[in-house]
Each structure stands twice: as structure tokens, then as C-alpha cells.
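# Next input, structure requested:
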Amino acid sequence: MCANLSSPTVTATQFDAVIDSPIPVDRNRLGIRLYNNQLCELVFLEASHQLLSPLNVYGSDIVRQLEQYFADPTHSFSIKLAPEGTDFQKRVWQALTACPSGTVITYGEVAATLNSAPRAVGGACRHNPIPIIVPCHRVVAKQGLGGYAGQTDGMNMVLKKWLLSHESAI
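Numbering: from 1, shown residues only. Here you go, the predicted structure:
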């Protein structure tokens with residue numbers, strides 16, 4: 001399966017591609033990791049991280065689609081996904097892919113569709129290994145933005161706000 005690298009000292013060779021993004025935060029490079037030619041992880045990396053051209057046609061397709069999304073936030077991704085997680089997390093992530101660009105949905109609304117609880121949905125969002133493509137940034141609190149990647153302030157919230165603004169959702 002896809003290796004989960006929690007170390008802050010990952011290298012470019014641990015990815016199938018590393019690209020720049022227009023996201024205005026310090027971690028604006030995206031590390032793309034594949035497993036069996038399916039996307040299993042998209043990692044925000046420091047701006048100084050070494051770029052890496054896609055290693056195969058599957059990586060090239062993902063890079064192309066990410067570039068299309070950054071040029072046109074209404075782009076619909078058609079990428080085969082292989083995220084690692086529990087069955088519940090995978091159900092949440094699958095549900096999020098149905099939330100179109102330019103819209104938001106609350107944790108409670110997602111929970112209702114899955115017969116679950118909002119906090120459980122938030123936990124699944126926090127562990128989403130494929131941000132942007134699995135759009136956990138579109139999930140908000142009943143009142144306010146909620147959090148992003150387990151944080152309610154700092155770089156992660158700047159990232160969430162940028163993504164929602166890019167999609168004209170806020």
C-alpha cells in the first residue's frame with residue numbers, strides 16, 4: 001500500500017511527482033504518490049522541496065488535472081483513487097467527492113447521509129490523504145468554516161480559505 005510518511009524530511013524520490021501550486025502558503029508544492037497506478041496520497045510540501053517530473057503516464061495525468069483545477073476550479077477530477085483508511089473514512093471521502101466545486105456542505109449534512117455523527121466526519125476529514133481532489137476543504141461547520149486538517153487556525157486555515165475562495169465558495 002501507499003507509504004505514509006509523517007517525517008518532515010521526505011525526499012522527492014519518495015513521490016511519483018512533485019509540482020508547484022499557486023497556493024500562497026509556505027507548503028505550496030504537492031507531492032504525488034501512486035499505488036498500482038492509482039493516487040493514494042497528495043502531500044503539501046515546503047516551497048523549497050525539489051520538483052520531480054511525473055515518473056509515468058498516471059502521474060502525468062494527475063499533474064495535468066491538478067493544473068486544470070488551478071486554472072479552472074470547476075474542473076471535475078477523473079482520477080482513480082486508492083486512499084488508505086478505515087472503511088468509515090473511505091465512505092466519508094467518497095461522499096465528499098460528490099460535493100461540487102463552488103459549494104460547501106456541513107459536517108452534520110455529511111454525517112446525516114452516512115448515518116453518523118459530525119465529529120466522526122470531522123475526524124475522517126482530518127485524516128484525508130488526498131486533499132483538493134477529495135475536497136474536505138468544502139466541509140464546514142454549522143456556523144463558520146470549522147477546521148482544516150485538524151487545525152482551526154494557522155497555515156491549514158489559510159489553505160482552506162484559499163481553496164474555497166479559488167472555487168468562489170466564500
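# Just give the number of residues close to the closest residue to residue 126 other than its chain neighbours.
Among residues not flanking residue 126 along the chain, residue 150 sits closest, at 4.3 Å (C-beta to C-beta, 6 or more residues apart in numbering). Using the backbone N, CA and C atoms, a C-beta is placed for each residue, glycine as well. Around residue 150 sit 11 other residues, with neighbours defined as other C-beta atoms under 10 Å.
# Contact partners for the residue minimising distance to the centre of the chain?
Nearest residue to the geometric centre of the chain (C-alpha atoms, centre = their mean): residue 131, 0.4 Å. Residue 131 is in contact with 42, 44, 137, 149, counting by C-beta atoms under 8 Å, 6 or more residues apart in numbering.
# for the second one, what are its contacts?
By C-beta under 8 Å, 6+ apart, the contact list for residue 44 reads 25, 27, 28, 29, 30, 31, 131, 159.
# Run through who's touching the longest helix belonging to the chain.
Across the chain, the longest stretch assigned as helix under DSSP state H is helix 57-71. Contact with helix 57-71 is made by 16-17, 19, 21-22, 30, 32, 34, 37-39, 54, 75, 77-79, 132-133, 166, as judged by C-beta under 8 Å, 6+ apart.
# at 10 Å instead, please
15-23, 30, 32-34, 36-39, 42, 52-54, 74-80, 101, 132-133, 163, 166-167 (C-beta atoms under 10 Å, 6 or more residues apart in numbering).
# who does the helix or strand just after that helix touch, helix- and strand-wise?
Next along the chain after helix 57-71, taking DSSP states H and E as the criterion, comes helix 87-96. Counting contacts by 3 or more C-beta pairs under 10 Å, 6 or more residues apart in numbering; DSSP states H and E, helix 87-96 packs against helix 107-113, helix 118-126, strand 139-140.
# Would you format those as CSV with mean pLDDT and mean neighbour count included?
Below are the helices and strands packed on helix 87-96 laid out as CSV (pLDDT from 0 to 100; neighbours: other C-beta atoms under 10 Å):
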stretch, mean pLDDT, mean neighbour count
helix 107-113, 98, 18
helix 118-126, 97, 19
strand 139-140, 97, 24
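# Understood, closing this out.
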